[in-house]
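Q: 3D model of this:
(one chain, ligands or ions: 1)
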Amino acid sequence: MNASIREQFPILQQEINGHPLVYLDNAATSQKPRAVIDAVKHYYEWENANVHRGVHTLGSRATDAYEGAREKVARFINAKSTEEIIFTRGTTTALNLVASSYARSVCGPGDEIVLTEMEHHSNLIPWQQAALAVGATLKYIPIQADGSITLEDVEKTVTDRTKVVAIAYVSNVMGVVHPVKEIAEIAHRHGAVIVVDGAQSTPHMKVDVRDLDCDFYALSGHKMCAPTGIGALYGKKELLEKMEPIEFGGEMINDVGLYESNWKELPWKFEGGTPIISGAVGLGAAIDFLEEIGMDEIARHESRLAKYAMDRLSEIEGISLYGPREREVGLVTFNLGDVHPHDVATVLDAQGIAIRAGHHCCQPLMRWLKVSSTARASFYLYNTEEEVDLLVSALIQTKEYFGDAT
Ligand code: PMP
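A: As a prediction, the model looks like this:
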């Protein structure tokens, strides 16, 4: 990855607390390149109108921009058609849509929804709520010490009563890539669907929903260089067609009567109200940007950085590193002895280094790890080995500063 990529991110050019910004909180949200910022600006300066309504020129420009972005998302993850791409606010909203509409209609008392204990709250609570509403049972695939799961355990957990298997492609804490394609095969053999939380995979690797054969796939734009407030749900057409909307109002209707109404065809029946048009435009621009660099190139860069970070971090005495030693994706989670992760993040911030500290929206996993919180550094295409070195020396200084606590 060359320096010219970094130069395309205006926010990275600043100093924080007198130091050049080292932004290592990409799993929370990524920074935005000039091309995305400009695309949103261009939209508001030249195309802004409401979509699917205006007969006027701006109305059709806005509609073309919005639907053009949908085509880009479909191509990016290799969906069969744009009918299979529902714009949402992000991964959370996408997963809630599947849990509230699909799961509640297919699950009854005694049916099973299968998860892992390392799921992000966004891929846990919607299923808890669905299970509570219909009397279904939640089951958990056991986790290995390094955060991986085995296919043997998947085979043991998924049964003919399982209706849904919901799992993150990449864990936002353990940095593990789950064998989603193989899990999909097991789920399908039992007549269940697989719902993939793609929040941490889509920004960092080539994703092919048809090759994975997943039934639903959720993604967030803001983690992949796009603005906040936009994301998407992919669903197989035959499943989406059978699902009822969960939001009702303007834009999603076909014919409205005083006592009954019916809905537009896919994908619009799930997009009630004025959508996040500028966000979709920004997501389209982000996809163009990432594709120009190449998802394989981005994945290679991050995996090199992750390996380097694991090597360098493991030199620090007293550090606990979570997840597999061999890393494919660019995030590393750790604790520095007994120093509270919030203290670590605060000391690092004073040196311009942004990392995340907390439970990372994974409280059940924190309990499983027997910690209350951890620190996490997460990389993206613009990060460098020099930044990993700065992180490591700042951590060594932090450890010295807190002395015996470690
Ligand atoms: N799942 C995972 C694995 C995540 O890392 C996140 C974001 N931290 C989410 C779901 C939720 O994404 P969003 O907040 O964009 O809806």
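Q: low-confidence ranges in the protein?
A: In the predicted model of the chain, residues 404-406 satisfy pLDDT under 70.
Q: Alongside the ligand, which residues does it contribute?
A: 27, 90-92, 120, 122-123, 168, 172, 197, 199-200, 220, 361 (CB under 6 Å from any ligand atom). Glycine gets a C-beta too; all of them are placed from N, C-alpha and C.
Q: Report the buried residues of the helix or strand harbouring N254.
A: Secondary structure from DSSP states H and E places N254 in strand 253-256. Buried positions in strand 253-256, judged by neighbour count with 16 or more other CB atoms under 10 Å: I253.
Q: Parallel or antiparallel, which strands does it pair with?
A: Strand 253-256 sits in its sheet next to strand 261-263 (antiparallel), going by DSSP bridges.
Q: Past the strand it pairs with, which element shows up next along the chain?
A: Next along from strand 261-263, by DSSP H and E: helix 277-293.
Q: now for the next helix or strand after that following helix, which elements pack on it?
A: Following helix 277-293 in sequence order, the next helix or strand is helix 295-313 (DSSP H and E). Counting contacts by 3 or more CB pairs under 8 Å, 6 or more residues apart in numbering; DSSP states H and E, helix 295-313 is packed against strand 319-322, strand 331-336, helix 385-402.
Q: any chance of these in JSON lines, plus mean neighbour count?
A: Below are the helices and strands packed on helix 295-313 laid out as JSON lines (neighbours: other CB atoms under 10 Å):
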{"stretch": "strand 319-322", "mean neighbour count": "17"}
{"stretch": "strand 331-336", "mean neighbour count": "25"}
{"stretch": "helix 385-402", "mean neighbour count": "17"}
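Q: so which of these gets nearest E302?
A: strand 331-336 (8.7 Å; CB to CB).
Q: Show me the contact partners of the following helix or strand past the closest one.
A: Once the chain leaves strand 331-336, the next helix or strand it forms, by DSSP H and E, is helix 341-349. Residues outside helix 341-349 that contact it (CB atoms under 8 Å, 6 or more residues apart in numbering): 16-17, 335-336, 354-358, 373-375, 391, 394-395, 397-398, 401-402.
Q: Spell out which residues sit in contact with K206, please.
A: M295, D296, A299.
Q: any idea how far the second one is from H178?
A: Computed as CB to CB, to the nearest Å, the D296 to H178 distance reads 20 Å.
Q: Neighbour count for the two, which is higher?
A: H178 (23 against 10; other CB atoms under 10 Å).
Q: Check the spacing between the more buried one and R210 real quick.
A: Where R210 is concerned, H178 sits at a distance of 18 Å (CB to CB).
Q: before we move on, what about K80?
A: K80 is 7 Å from R210, by CB to CB.
Q: tally of neighbours for the residue of the stretch 301-406 of the chain found nearest the ligand?
A: At 5.8 Å from the ligand, C361 is the closest residue in the stretch 301-406 of the chain, using CB to the nearest ligand atom. For C361, the tally of surrounding residues (other CB under 10 Å) stands at 17.
Q: so it, which of the three states?
A: coil (DSSP: H, G, I helix; E, B strand; the rest coil).
Q: before we move on, what about G54?
A: Once three-state DSSP is applied, G54 turns out coil.
Q: My guess is P245 contacts K264. True?
A: No - with contact defined as CB atoms under 8 Å, P245 and K264 do not form a contacting pair (9.4 Å).
Q: hey, what's in contact with both of those two?
A: Residues touching both P245 and K264 by CB under 8 Å, 6+ apart: M252.
Q: Quick check: A299 touching P203?
A: No - using CB under 8 Å, A299 makes no contact with P203, being 10.1 Å away.
Q: Please say which of those two ends up with more neighbours.
A: Each of A299 and P203 has its neighbours counted (other CB under 10 Å); P203 has more, 29 against 18.
Q: I'd like the distance between that one and L283.
A: 11 Å.
Q: shared neighbours of the two, anything?
A: Between them, P203 and L283 share the contacting residues M224, judged by CB under 8 Å, 6+ apart.
Q: ok, of the contacts of K206, which one's closest to D64?
A: M295 (25.7 Å).
Q: For the closest one, which non-adjacent residue is closest in space?
A: K206 (4.2 Å; CB to CB, 6 or more residues apart in numbering).
Q: cool, and N123?
A: Of all residues beyond its chain neighbours, the one nearest N123 is D197 (4.3 Å), with distances taken as CB to CB, 6+ apart.
Q: The one you found: neighbouring residues, count only.
A: There are 31 residues near D197, going by other CB under 10 Å.
Q: now A39
A: Residues lying near A39 (other CB under 10 Å) number 24.
Q: and it, what is it in contact with?
A: With CB under 8 Å, 6+ apart, A39 has these contacts: V281, G282, G284, A285.
Q: I'd like those residues laid out as TSV, including neighbour count and distance to A49.
A: What follows is the contacts of A39, written out as TSV (neighbours: other CB atoms under 10 Å; distance: CB to CB, whole Å):
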residue	neighbour count	distance to A49
V281	26	12
G282	29	17
G284	26	17
A285	26	19
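Q: okay if I get those as JSON lines plus distance to P109?
A: JSON lines is the format used below for the contacts of A39 (distance: CB to CB, whole Å):
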{"residue": "V281", "distance to P109": "45"}
{"residue": "G282", "distance to P109": "43"}
{"residue": "G284", "distance to P109": "43"}
{"residue": "A285", "distance to P109": "47"}
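Q: Of the residues of the chain next to the ligand, which belong to helices?
A: Among these, the residues falling in helices (DSSP state H) are T91, T92.
Q: Let's see if you can find the most crowded of the residues of the chain next to the ligand.
A: D197 leads these on contacts (other CB under 10 Å) with 31 neighbours.
Q: from memory that residue sits against L95, does it?
A: Yes - with contact defined as CB under 8 Å, D197 reaches L95; the gap is 6.4 Å.
Q: what is in contact with the two at once?
A: S122, N123, A166, A218.
Q: these two touch, right, the second one and Y169?
A: Okay, so that is N123. No - contact criterion CB under 8 Å: N123 and Y169 do not qualify, at 10.6 Å.
Q: so what sits against both of those two?
A: D197.
Q: Tell me who's in contact with Y322.
A: Y322 touches G147, V173, M174, T333, F334, N335, L369, T374, counting by CB under 8 Å, 6+ apart.
Q: Brilliant, that's me finished.
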